[in-house]
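> Pasting the sequence and the predicted coordinates here, then a few questions.
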Amino acid sequence: MLREAVRSLAEAKIAPFAAAVDEEARFPQEALDALTVNDLHAVHVPEAYGGAGADALATVIVIEEVARVCVSSSLIPAVNKLGSLPVILSGSKELKKKYMAPLAKGEGMFSYCLSEPDAGSDAGGMKTKAVRDGDHWVLNGVKRWITNAGVSEYYTVMAVTDPEKQTKGISAFVVEKSDEGVSFGAPEKKLGIKGSPTREVYLDNVRIPADRMIGAEGTGFATAMKTLDHTRITIAAQALGVAQGALDYAKGYVTERKQFGKPIGDFQGVQFMLADMAMKIEAARQLTYAAAAKSERGDSDLTFQGAAAKCFASDVAMEVTTDAVQLLGGYGYTRDYPVERMMRDAKITQIYEGTNQVQRIVMARNLP
């Protein structure tokens, strides 16, 4: 029922704008409005804070179905979870109440500020600092590759509070867009997900109350990594969605396109391509859903399974969308058909929330 509801909403209210959102590189406001009205913009927020209280699997299905028509729009529910999960996992009761309620109501989105110009895969090498000053912390630094920066109201920011302790000297904070000293860089000009703004976040003597620290001092990095164990599965869901969208479109196309006097779908070479695409998508789906169940239960092998789902599903998405372009031939290479956009959008799923090379390191260190 959830899948059917989200699919019909996505096809009616999100899909019609997907090409224009990509072409104009603009935020998908129509998608945000539609998702918010239907309480699908941040489904993971617990009912105690006015949220839908969706479990990890339901959240995956929502993201998957939105990504099937528009990957940029799927970053709304996905990044709302990424940005707010540190607060849900480690924040005080007061902090949860303060920020989860407006997120649930759609009054402000959440972004996640971990990466920096010199700290990408090596997130522990961050330079952003937070210095205690009485009842406040003062933050200075630059965060890079921040999804939905400038649109989101709230930002989970990782910063160094004790440089001597390396990753155990990193703490997490909630910073608000309206805090004095917060500003944003120009939107990055990207290959895909053009509807989701990616910008630098500048923190220039940003003074915030001490109670905006998420969890205890020095636990920020551990919270950040624990968050990614859960949210990598949402990237797998995006990959799954875009792959399914590409396959669905290609399936329709090959039944209509005729060459040599018959539909190209009647040729065995084309049938084999479609069979491989469908088989790999289904394998990715099973792995992703199983990882979502592990996320919900908090299983001990979640780190491995989350990395495996993200890595496998995103590799499948890149392969399937590339094959979809191939099946459409010259048409697939033009912007008049959606598979070209899907192929460009799929690429980022192999890169963000940890490159697939990093996922393989994570898996190797956590072999079941």
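Cool, the structure landed. Numbering: from 1, shown residues only.

> so how far is V6 from A278?
A278 is 21 Å from V6, where distance means Cβ to Cβ, to the nearest Å. (C-beta placed from N, C-alpha, C; glycine too.)

> List of residues touching the strand or helix carrying A31?
Assigned by DSSP states H and E, A31 belongs to helix 29-37. Helix 29-37 is contacted from outside by 9, 13-14, 17, 21, 41, 66, 70, 72-73, 76-77, 106, 109, using Cβ atoms under 8 Å, 6 or more residues apart in numbering.

> Output it as CSV, restricted to C-alpha atoms.
Output in CSV follows, covering the C-alpha atoms of helix 29-37 (Å, rounded to 0.1, in the frame of the first residue of the first chain):
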residue,chain,number,x,y,z
GLN,A,29,10.0,22.7,-4.9
GLU,A,30,7.0,20.9,-6.4
ALA,A,31,8.4,17.6,-5.0
LEU,A,32,9.0,19.1,-1.5
ASP,A,33,5.5,20.5,-1.4
ALA,A,34,3.9,17.2,-2.5
LEU,A,35,6.0,15.2,-0.1
THR,A,36,5.3,17.5,2.8
VAL,A,37,1.5,17.6,2.2
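
> any idea how far the helix or strand just after that helix is from the chain center?
With elements assigned by DSSP H and E, the helix or strand that comes after helix 29-37 is helix 56-69. In terms of Cα atoms, centre = their mean, to the nearest Å, the centre of helix 56-69 is found 11 Å from the chain centre.

> Likewise for stretch 315-325?
Relative to the centre of its chain, stretch 315-325 is centred 19 Å away, using Cα atoms, centre = their mean.

> rewinding a little: which one's more surrounded, A278 and V6?
It is V6, of A278 and V6, that has more neighbours when counted by other Cβ atoms under 10 Å, with 24 against 15.

> before we move on, back to that, show me what counts as buried in the helix holding A31.
For helix 29-37, the buried set under the neighbour-count rule, 16 or more other Cβ atoms under 10 Å, comprises 30-32, 34-36.

> Just the buried residues of the helix or strand hosting L95, please?
Using DSSP H and E, the element containing L95 is helix 93-105. Under the neighbour-count criterion of 16+ other Cβ under 10 Å, helix 93-105 has 95-96, 98-100, 102-105 buried.

> Could you pull up the mean pLDDT of the helix or strand that it is followed by?
Sequence-wise, the next helix or strand downstream of helix 93-105 (DSSP H and E) is strand 110-113. If you average the pLDDT over strand 110-113, you get 98.

> for strand 110-113, packing partners?
Helices and strands touching strand 110-113, by 3 or more Cβ pairs under 8 Å, 6 or more residues apart in numbering; DSSP states H and E, are helix 71-90, strand 136-147, strand 154-160.

> so how far is the shortest one off the chain centroid?
Relative to the chain's own centre, strand 154-160 is displaced by 17 Å; criterion: Cα atoms, centre = their mean.

> ditto for stretch 171-180
Put simply, stretch 171-180 sits 20 Å off its chain's centre (Cα atoms, centre = their mean).

> swap in stretch 293-307?
Relative to the centre of its chain, stretch 293-307 is centred 17 Å away, using Cα atoms, centre = their mean.

> can you put the buried residues of helix 93-105 in CSV and add pLDDT?
CSV is the format used below for these (pLDDT from 0 to 100):
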residue, pLDDT
L95, 97
K96, 98
K98, 98
Y99, 98
M100, 98
P102, 98
L103, 98
A104, 98
K105, 97
